[in-house]
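Asks: give me the fold of what follows.
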Amino acid sequence: MNDLYIREINIDWSFVNENSYLRKIPVLSSLNHLAFHRNITFFAGENGTGKSTLLEGIAVASGFNAEGGTRNYAFSTYDDVSELSEAIRIIRGARKLRFGYFLRAESFYNVASATMTLYNDDGTLPDYHSESHGESFLTFITRCDPNGLYLMDEPEAALSPQRQLTLLIHLMSMAEKGAQFIIATHSPILLGIPNAEILSFDGDTLHPLEYEETESYKITKLFVENRERILKELMEED
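Replies: Numbers count the residues shown, from 1 in each chain. Have a look, this model is predicted:
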């Protein structure tokens with residue numbers, strides 16, 4: 001039995017304007033239904049293919065603040081939410097959600113500020129600004145409830161490779177305890193988590209990939225093993 005917090009989503013395109021840019025993104029425009037089967041699902045693919053847009057839509061449709069935070073966060077510094085969230089219908093699992101969080105690397109600073117000024121009345125939350133971006137994010141993830149839903153947009157953005165490995169271990173540990181993660185990422189380190197489902201946004205339709213088939217893995221491997229040749233070819237092309 002599927003006991004994930006989000007079992008599947010349906011998209012009703014009648015809620016999206018006929019001239020919307022969303023209809024010009026191949027993977028999104030062809031997507032009507034998406035089922036989740038594992039505790040960790042990765043959205044992978046090139047920039048501009050709709051990964052973050054779909055993740056944001058799922059987050060907002062699930063009740064999260066568009067800039068990030070828990071479902072109790074309601075601040076806004078810039079209103080740029082796509083209409084996709086209006087079209088998404090969430091099919092939930094049987095378990096009651098105890099905790100959830102939407103993380104966007106690009107707006108984590110704003111979330112950290114809101115945490116300290118708007119949502120820390122009892123003074124129990126840490127001051128995320130007292131640490132680097134990467135360290136504060138790891139502080140956050142280690143405090144999270146394993147019985148939770150976590151939507152993450154490029155969590156590797158502020159993390160060194162070593163810290164990405166630290167995050168990888170936390171994700172695996174929390175997933176084993178029941179947490180569900182939906183993550184948009186380019187990281188060949190995070191994508192290497194065993195038993196995670198990787199969905200590729202490259203091409204015209206959303207499709208599953210094995211780790212070794214992802215562009216993040218193939219390009220990183222090619223560069224590491226052939227650095228001098230690759231650099232020479234790139235410089236000659238330039």
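Asks: for stretch 47-66, buried residues please.
Replies: Residues 49-62, 64-66 are the ones in stretch 47-66 that count as buried (16 or more other Cβ atoms under 10 Å). All C-beta atoms are positioned from the backbone trio N, CA, C, and that covers glycine.
Asks: list the contacts of the residue lying closest to Asn10 once chain neighbours are set aside.
Replies: Closest residue to Asn10 apart from its sequence neighbours, by Cβ to Cβ, 6 or more residues apart in numbering: Arg89 at 4.6 Å. Counting by Cβ atoms under 8 Å, 6 or more residues apart in numbering, Arg89 touches Ile9, Asn10, Ile11, Asp12, Ala61.
Asks: so which helix or strand takes in the first one?
Replies: Going back to what we said before, that points to Ile9. strand 6-11 (DSSP states H and E).
Asks: as PDB, could you dump the C-alpha coordinates of that strand?
Replies: Output of strand 6-11 as PDB, limited to C-alpha atoms (Å, rounded to 0.1, in the frame of the first residue of the first chain):
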ATOM      1  CA  ILE A   6       1.600  12.800  -1.600                       C
ATOM      2  CA  ARG A   7       0.600   9.700  -3.600                       C
ATOM      3  CA  GLU A   8      -0.100  11.500  -6.800                       C
ATOM      4  CA  ILE A   9      -1.100  14.700  -8.500                       C
ATOM      5  CA  ASN A  10      -3.600  15.500 -11.300                       C
ATOM      6  CA  ILE A  11      -3.400  18.700 -13.400                       C
END
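Asks: pLDDT of the next helix or strand after that strand, averaged?
Replies: Counting by DSSP H and E, the element after strand 6-11 in chain order, helix or strand, is helix 26-29. Mean pLDDT, computed over helix 26-29, is 95.
Asks: same question for stretch 153-161.
Replies: 88.
Asks: buried stuff in it?
Replies: In stretch 153-161, counting by 16+ other Cβ under 10 Å, buried: Asp153, Glu154, Pro155, Glu156, Ala157, Ala158, Leu159.
Asks: burial count for the residue lying closest to the third one once chain neighbours are set aside?
Replies: Nearest residue to Pro155 in three dimensions, chain neighbours excluded: Leu103, at 6.0 Å (Cβ to Cβ, 6+ apart). Close neighbours of Leu103, defined as other Cβ atoms under 10 Å, add up to 22.
Asks: longest helix of the chain?
Replies: helix 161-176 (DSSP state H).
Asks: next SSE downstream of that one?
Replies: Next helix or strand after helix 161-176 toward the C-terminus (DSSP H and E): strand 180-184.
Asks: quick check: angle from that following strand to helix 161-176?
Replies: 140 degrees (axes from the mean of the first three to the mean of the last three Cα atoms, to 10 degrees).
Asks: what's strand 180-184 in contact with?
Replies: For strand 180-184, the external contacting residues (Cβ under 8 Å, 6+ apart) are 4-6, 36, 39-44, 51-52, 55, 58, 148-155, 171, 174-175, 190.
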